[in-house]
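1. Quick one, structure for this:
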Amino acid sequence: MTTGTGRDNEHWVFPKGAAAQGDYATVIDAGIDGWQHTMLRVAEISEGASVTHDSGVEETIVVPLNGSVRVEVTDEDGTAHDIVLAGRAHVFASATDVAYAGRGAVVRVTAEGGPARVALTGAPATKLAAPKPFRHIRADEVPVEIRGAGTSSREVRSFGLPEVLDADSILVCEVITPAGNWSSWPPHKHDTETDEETQLEEIYYFELQPTDPRGTDPVGYQRVYGSNEQPERPIDVVAEVRSGDVVLVPYGWHGPAMAAPTADLYYLNVMAGPGAERAWRICMDPAHVWVRDAWSDLPPDPRLPFTAGR
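-> Residues are numbered from 1 along each chain as shown. Below is the predicted model of the structure:
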């Protein structure tokens, strides 16, 4: 890992509000130079209010971040769906139920029983001849996995990965990193189509909660850097992140994502790419891959899983 200057922060880091458009507090889409395979729209909705997304060529996963929402979907063929996602009090409380809509759908999201914050994650769904069908994934269907050990422990909720969701291109999961821990560690990349790796853009959307009763400003940190084997694709991001911030990873090694000692860190990952296969395969930075060997003698962080009621 090289020493970072953060010279590319201006292009790939979006503090909360910097990517606001219309009804959305955050919009990440192909309007950003160099970005084309993943989309994110975050809406903060007052009780009874709605946002509507005409997905066009995109497939969409609706993820409640806090609060409950009604999701009304009209598929490309006119089939209608109407469900309520119970959601959660906040992202650290539990996994959540989500809704998937295929390309060509119109998605309307309404806050139910109070204000809500919701993420509409998306990717162009152009690999398959027909759109994938609507799907409601309940919270109790979401796999919760503890990865790493010791101070590299984190909780992964994989509601939008192939083992759970049959989709065209999109891959989505969320990660909880307890205060003081590192995740996305060792640094890894997925920017080349090989037998060992798939080419995927990645969005990191962050939220944090303070653990210090004195109200210390909750922050985290994200690192992205280039591969020596790809000098034609340099990147250097060193970002201090707060709730609502976004870091984009077009290519290169990324990690660690670090939680400050006084704040738990959450991030929502959205991935997709141009390859024919919908899969998450990664290569780890050889300079740091030895870290995994050190985990064999360490137990997972006892604060995990958060879904156990932390």
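2. if I look at the residue lying closest to residue 80 once chain neighbours are set aside, how far off is residue 52?
-> Counting by C-beta to C-beta, 6 or more residues apart in numbering, residue 80 lies nearest to residue 74, which is 5.3 Å off, once chain neighbours are set aside. The C-beta positions use only the backbone N, C-alpha and C, and glycine is treated the same way. Separation of residue 74 from residue 52 (C-beta to C-beta, to the nearest Å) stands at 10 Å.
3. which of the two has more neighbours?
-> Set residue 74 next to residue 52 and count neighbours by other C-beta atoms under 10 Å: residue 74 wins out with 18 against 11.
4. List the beta-bridge partners for the more buried one.
-> When assigned by DSSP bridges, residue 74 has beta-bridge partners residue 80, residue 106.
5. Now do the contacts for it.
-> Neighbour list for residue 74: 80, 81, 105, 106 [criterion: C-beta atoms under 8 Å, 6 or more residues apart in numbering].
6. Can you go through these and name the buried ones?
-> Neighbour counting with 16 or more other C-beta atoms under 10 Å marks 81, 105, 106 as buried within the contacts of residue 74.
7. Considering those, which is situated nearest to residue 177?
-> Nearest to residue 177 out of the buried ones among the contacts of residue 74 is residue 105 (C-beta to C-beta; 32.8 Å).
8. Look up how far residue 284 lies from the closest one.
-> Distance, residue 105 to residue 284, using C-beta to C-beta: 37 Å.
9. can you count the residues close to residue 297?
-> Neighbourhood size, residue 297 [other C-beta under 10 Å]: 8.
10. scratch that, residue 6 is what I was asking about
-> Neighbour count of residue 6, defined by other C-beta under 10 Å: 15.
11. go on, the one 5 residues further on?
-> A count of neighbours around residue 11, defined by other C-beta under 10 Å, yields 15.
12. Then residue 149?
-> Using other C-beta under 10 Å, residue 149 has 16 other residues around it.
13. what do you get for residue 51?
-> When neighbours are counted by other C-beta under 10 Å, residue 51 comes out with 19.
14. mind listing the helices for the protein?
-> 9-12, 291-294 (DSSP state H).
15. Pull the contacting residues for residue 168.
-> Residue 168 neighbours (C-beta under 8 Å, 6+ apart): 59, 102, 103, 123, 125, 126, 127, 128, 131, 132, 278.
16. now those as CSV including pLDDT?
-> Below are the contacts of residue 168 laid out as CSV (pLDDT from 0 to 100):
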residue, pLDDT
59, 98
102, 98
103, 97
123, 98
125, 97
126, 92
127, 92
128, 91
131, 96
132, 97
278, 96
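17. What about the residues you listed, which one has the most neighbours?
-> Going by other C-beta under 10 Å, residue 123 tops those with 29 neighbours.
18. so that residue touches residue 169, yeah?
-> Yes: the pair residue 123 and residue 169 passes the contact test of C-beta atoms under 8 Å, sitting 4.5 Å apart.
19. Touching both of the two, which residues are there?
-> Shared contacts of residue 123 and residue 169, defined by C-beta under 8 Å, 6+ apart, are found at 37, 59, 272.
20. which one of those is nearest residue 237?
-> Of all the shared contacts of residue 123 and residue 169, residue 37 has the smallest distance to residue 237: 18.3 Å, by C-beta to C-beta.
21. And for residue 175, the neighbour number?
-> For residue 175, the neighbour count with other C-beta under 10 Å is 20.
22. contacting residues for the residue lying closest to residue 17 once chain neighbours are set aside?
-> Spatial nearest neighbour of residue 17, excluding adjacent residues (C-beta to C-beta, 6+ apart): residue 25 at 6.8 Å. Shown in contact with residue 25 (C-beta under 8 Å, 6+ apart): 16, 17, 42, 43, 44, 244.
23. Any quick ChimeraX command for the buried ones out of those?
-> To isolate in ChimeraX the members of the contacts of residue 25 that are buried, counting by 16+ other C-beta under 10 Å, one can use:
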select :16,42,43,44,244
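24. Restricted to strands, list the contacts of residue 25.
-> Using DSSP state E, the subset of the contacts of residue 25 located in strands is 42, 43, 44.
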